[in-house]
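Asker: this is the structure alone, sequence omitted:
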Ligand code: HEM
């Protein structure tokens, strides 16, 4: 027995040693990549590459990339090599090169390098992750649903969701209570996407345990080490992950969203119901009805079609991506904007003056045209998206060999390329004193002084956020609703300066932002 036990122990030790040797050699060989291609990189650490602080969640990806961008700029380099664990990533620092990759030479960089498994994880087959021709076809079909004309029609649905905001704040206003502003805005974000994408009237404020919110937040706020590990495997080794049957979205959540979309689709199609939301547009795509930018139209075609233009799983994937892509940036940006306005109450008062005078000119109604007439609001939001950009980097996969202009480097297919948006947004060359919140940076005069590409919270080029107009619109509608009714100030329980949570892949504060609100109408 003792001999068998000793033999087993020895076998395990030998296997571990073989595995360790393999990993060591793999890491050492992988970390030669940039040097052998003559590309500048910082000395990588075994296994971790240059991402130790990010992987160990001591620093967020945005900050890590900003530091590398600063290093490249200090050394006058247009690009540099970075290792995320063993994966080489080319980081761009030169504005012209960034513009080429994202726009002029887009045909070489069509895809986002993310995991997708249409069969086992249908929700992963969304616009963000789709690749090649499939992405191109779906994006061109979806784009009209996000046009200005269509959003103007949808504005009524957006405005309805904003009304709920005041119900909760009214309970705390004027009492000096600490208001967890991000929680309130997040609830509104759930309502907004629930209503505008899934066609629900979920009212998160009253029904805090609703299933829709539960699953959405489960996806977004699960910062467990296991999830981070699975995410990393899916990013680093997509083929191996598929073999191991790893998925990003669990079955219970997938089934919930699929059933939800199935029910809504069936109900609307059977009763030919029209509603001013994205679900309406998606059902039109499903039924091969052309999306008009000037009128809502019916979900059912006038002549029955042989084949559906989209499956329920595709629609669910799209709605889910609207939720995932739209919820967090909406709630963080709107909250950060209110935070900045609470620190600068003169600016807040000026903005309120603009809101009131524009609303007066529009018969006191919150309409699409009224929101579009608010210039200072636009500048405040753009400055928030610069300083607190939710997406800190943009990422592309090289899909066709690409020779980098003015260099000897040709990128092979499969190279990951990263644009450090947060680095650009905090670069004093484009934004002097970048830590200062100054909406004037977005005045026409100041805009003319720097390249337009130095501001890219929504990405750039054909793969830029499909919904940036809707994103801006919903945030503006929320801010107008709040600022015309309340004066906000920072509550003493907020820890300042705000630092960023290193566990969250997007820009997210590490401690709660508490504000106080006074109801203006009764001051
Ligand atoms: C509110 C602020 C928002 C910000 C800051 C934002 C930011 C972004 C960014 C940075 C990207 C990637 C762009 C790139 O790779 O170049 C993106 C893509 C995307 N966003 Fe947004 N987004 C916002 C709101 C929304 C909303 C509300 C929706 C949906 C209703 C949405 C849907 C999408 C989709 C579907 C993609 C993938 C587009 C594609 O790959 O073709 N976003 N967004």
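Answerer: In hand now; what should we look at? All figures in this text were calculated on a predicted structure; none of them were measured in a lab.
Asker: which one is the residue of the stretch 301-450 of the chain found nearest the ligand nearest to, not counting chain neighbours?
Answerer: The ligand sits closest to residue 326 of the stretch 301-450 of the chain, with a gap of 2.6 Å, by Cβ to the nearest ligand atom. Quick note: C-beta positions are derived from backbone N, CA and C, even for glycine. Here the nearest residue to residue 326 in space, its sequence neighbours aside, is residue 193; by Cβ to Cβ, 6 or more residues apart in numbering that works out to 5.5 Å.
Asker: wait, the one you found sits on residue 321?
Answerer: No: using Cβ atoms under 8 Å, residue 193 makes no contact with residue 321, being 10.4 Å away.
Asker: please say which of these two ends up with more neighbours.
Answerer: residue 193 (27 against 21; other Cβ atoms under 10 Å).
Asker: which helix or which strand is home to the more buried one?
Answerer: Using DSSP states H and E, residue 193 falls within helix 181-196.
Asker: pLDDT score for residue 203?
Answerer: Here the pLDDT value assigned to residue 203 is 67.
Asker: what's the answer for residue 210, then?
Answerer: Reading off the model, residue 210 has pLDDT 75.
Asker: and it, how many neighbours?
Answerer: 17.
Asker: what's the distance between it and the ligand?
Answerer: 19 Å (Cβ to the nearest ligand atom, to the nearest Å).
Asker: list the buried ones in the helix holding residue 193?
Answerer: 181-182, 184-196 (16 or more other Cβ atoms under 10 Å).
Asker: what does stretch 254-263 give?
Answerer: Buried residues in stretch 254-263 (16+ other Cβ under 10 Å): 254, 256, 257, 258, 260, 261.
Asker: and what of stretch 402-416?
Answerer: Buried residues in stretch 402-416 (16+ other Cβ under 10 Å): 402, 404, 409, 411, 415, 416.
Asker: spell out which residues of the stretch 151-300 of the chain are next to the ligand.
Answerer: Proximity of the stretch 151-300 of the chain to the ligand (Cβ under 6 Å from any ligand atom) is limited to residues residue 197.
Asker: looks like residue 323 contacts residue 215 (just checking).
Answerer: No: distance between residue 323 and residue 215: 9.1 Å, which falls outside the contact criterion (Cβ under 8 Å).
Asker: more neighbours: which of those two?
Answerer: The neighbour count for residue 323 versus residue 215, taken as other Cβ under 10 Å, is higher for residue 323 (25 against 21).
Asker: ok, now which ones touch the more buried one?
Answerer: 193, 197, 198, 216, 219 (Cβ atoms under 8 Å, 6 or more residues apart in numbering).
Asker: try it again with 10 Å
Answerer: 123, 126, 189-190, 192-194, 197-198, 212, 215-216, 219-220, 257 (Cβ atoms under 10 Å, 6 or more residues apart in numbering).
Asker: do residue 286 as well
Answerer: So residue 286 contacts 265, 269, 299, 305, 308, 309, 310, 311, 312, 314, 315 (Cβ under 10 Å, 6+ apart).
Asker: can you flag the buried ones in these?
Answerer: 265, 299, 309, 310, 312, 314, 315.
Asker: so which of those are in helices?
Answerer: Taking DSSP state H, the ones among the buried ones among the contacts of residue 286 that sit in helices are 265, 312, 314, 315.
Asker: quick check: pLDDT value at the closest residue to the third one other than its chain neighbours.
Answerer: Same thing as residue 314. Leaving aside its chain neighbours, residue 314 sits nearest to residue 125 (6.8 Å; criterion: Cβ to Cβ, 6+ apart). In this model, residue 125 is scored at 83, pLDDT.
Asker: test my guess that residue 125 contacts residue 317.
Answerer: Yes: under the criterion of Cβ atoms under 10 Å, residue 125 makes contact with residue 317 at 4.6 Å.
Asker: more neighbours, the two?
Answerer: residue 317 (30 against 23).
Asker: what about that one, which SS state?
Answerer: helix (DSSP: H, G, I helix; E, B strand; the rest coil).
Asker: can you pull the contacts of it?
Answerer: Residue 317 neighbours (Cβ under 10 Å, 6+ apart): 116, 118, 121-130, 138, 249, 254, 257-258, 261, 310-311.
Asker: cool, and residue 443?
Answerer: Per Cβ under 10 Å, 6+ apart, neighbours of residue 443: 375, 376, 379, 449.
Asker: which neighbours do residue 125 and residue 317 share?
Answerer: Common neighbours of residue 125 and residue 317 (Cβ under 10 Å, 6+ apart) are 116, 118, 138, 311.
Asker: separation between the second one and the ligand?
Answerer: By that I understand residue 118. Residue 118 is 16 Å from the ligand, by Cβ to the nearest ligand atom.
Asker: what's the spacing between that residue and residue 62?
Answerer: 30 Å (Cβ to Cβ, to the nearest Å).
Asker: try the third one
Answerer: Applying Cβ to Cβ, one obtains 28 Å for the distance of residue 138 from residue 62.
Asker: those two: who's more crowded?
Answerer: residue 62 (26 against 20).
Asker: show me the contacts for the residue of the stretch 401-523 of the chain found nearest the ligand.
Answerer: Using Cβ to the nearest ligand atom, residue 459 is the residue of the stretch 401-523 of the chain that sits closest to the ligand, at 2.0 Å. Taking Cβ under 10 Å, 6+ apart as the criterion, residue 459 is in contact with 102, 112, 391, 393, 394, 395, 396, 419, 421, 465, 466, 468.
Asker: and for residue 241?
Answerer: Residue 241 neighbours (Cβ under 10 Å, 6+ apart): 115, 117, 230, 231, 232, 233, 234, 235, 247, 248.
Asker: for the record, mean pLDDT for the helix or strand containing it?
Answerer: Assessed by DSSP H and E, residue 241 sits inside helix 238-243. On average, the pLDDT along helix 238-243 is 76.
Asker: same check, this time on stretch 485-494
Answerer: Rounded mean pLDDT across stretch 485-494 is 94.
Asker: residues contacting that stretch, please?
Answerer: Contacts of stretch 485-494 (Cβ under 10 Å, 6+ apart): 165-166, 169-170, 172-174, 176-181, 338-339, 341-343, 345, 348-349, 352, 482, 496, 509, 511-521, 523.
Asker: could you check how far residue 437 is from residue 164?
Answerer: Residue 437 is 28 Å from residue 164, by Cβ to Cβ.
Asker: between the two, which one's more packed in?
Answerer: Using other Cβ under 10 Å as the criterion, residue 437 and residue 164 rank with residue 437 on top: 21 against 18.
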